[in-house]
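**Student:** Build me a model:
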Amino acid sequence: MTQEKIADIYLDGRHYDQLFTNGSEDLPFWISRANQYGDPVLELACGTGRITVALAQAGFNVTGIDNAEGMLREARRKSAEAGVEVEWIKADMRDFDLGKTFPLIILPANTLCHLLDLSDFEACLTNVRKHLVPNGSFVIDVFVPNVELLINKPDERFFFSEYDDPDGRGRIAVTESYV
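**Tutor:** Residues are numbered from 1 along each chain as shown. Below is the predicted model:
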């Protein structure tokens with residue numbers, strides 16, 4: 001499969017939710033951060049809105065930004081289905097200007113790993129700082145890689161997930177590697 005096709009599948013919110021079925025075990029953490037810092041809350045790279053919608057259901061004013069229209073389409077559907085109001089904005093976390101500030105900005109679910117070089121990271125942090133109230137908090141969630149796999153099996157592919165194609169074209173198997 002080409003890199004372009006992989007990107008199309010990944011950025012399609014219907015595929016994304018099939019691929020990442022990690023449920024709700026992290027939601028209490030994000031809700032507790034919102035309780036601690038208050039609202040409004042800004043979620044960067046909000047994807048299909050799993051966390052954003054949960055925060056809105058918990059009573060917080062939430063804005064979610066993502067640069068993939070397919071993700072936002074699914075997020076809008078979810079918030080409408082849940083009966084909650086969320087401000088959804090198509091924007092890149094490296095380059096956005098919302099004209100307002102937030103006491104809490106979050107970047108959950110290993111999304112920081114989408115920033116591939118130092119200039120991307122610096123641009124994102126510059127925008128975060130511009131959108132935080134004084135003494136506001138930026139909370140990120142990233143995984144800790146398995147060093148043994150990185151050293152001993154850098155080229156090996158590992159099974160990640162398998163699911164039914166939402167367009168009915170069969171099953172999709174997903175593998176990952178650490179390179």
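
**Student:** Show me this structure divided up by domain.
**Tutor:** If you go by automatic domain parsing, the domain ranges for the chain are 3-143, 146-179.

**Student:** Now those domains in a markdown table, please, with extra columns for mean neighbour count and mean pLDDT.
**Tutor:** No exception for glycine: its C-beta is placed from N, CA and C like everyone else's. Shown next, in a markdown table, are the domains of the chain (neighbours: other C-beta atoms under 10 Å; pLDDT from 0 to 100):
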| stretch | mean neighbour count | mean pLDDT |
| --- | --- | --- |
| domain 3-143 | 17 | 88 |
| domain 146-179 | 11 | 66 |
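
**Student:** so how far is residue 67 from residue 103?
**Tutor:** 24 Å (C-beta to C-beta, to the nearest Å).

**Student:** repeat for residue 95
**Tutor:** 9 Å.

**Student:** what do you get for residue 46?
**Tutor:** Counting by C-beta to C-beta, the gap from residue 46 to residue 67 is 10 Å.

**Student:** Now residue 127. Nearest residue, chain neighbours left out?
**Tutor:** residue 96 (5.7 Å; C-beta to C-beta, 6 or more residues apart in numbering).

**Student:** who's in contact with that neighbour?
**Tutor:** Neighbouring residues of residue 96 by C-beta atoms under 8 Å, 6 or more residues apart in numbering: 65, 89, 127, 131.

**Student:** Which member of the residues you listed is positioned nearest residue 32?
**Tutor:** Among these, residue 131 lies closest to residue 32 (C-beta to C-beta), at 21.3 Å.

**Student:** Can you show me the strands along the protein?
**Tutor:** Along the chain, counting by DSSP state E, strands occupy 41-43, 62-66, 87-90, 102-107, 132-140, 158-164, 171-176.

**Student:** And the helices in this protein?
**Tutor:** With DSSP state H, the ranges of helices along the chain come out as 3-11, 13-19, 27-37, 50-57, 69-82, 118-131, 147-152.

**Student:** The ones you listed: which one's closest to residue 168?
**Tutor:** Of all those, helix 13-19 sits nearest to residue 168, with 11.5 Å by C-beta to C-beta.

**Student:** Would you work out how far apart the start and end of stretch 41-57 are?
**Tutor:** With C-alpha to C-alpha, to the nearest Å as the measure, the ends of stretch 41-57 fall 13 Å from one another.

**Student:** How far off centre is that stretch?
**Tutor:** Relative to the centre of its chain, stretch 41-57 is centred 8 Å away, using C-alpha atoms, centre = their mean, to the nearest Å.
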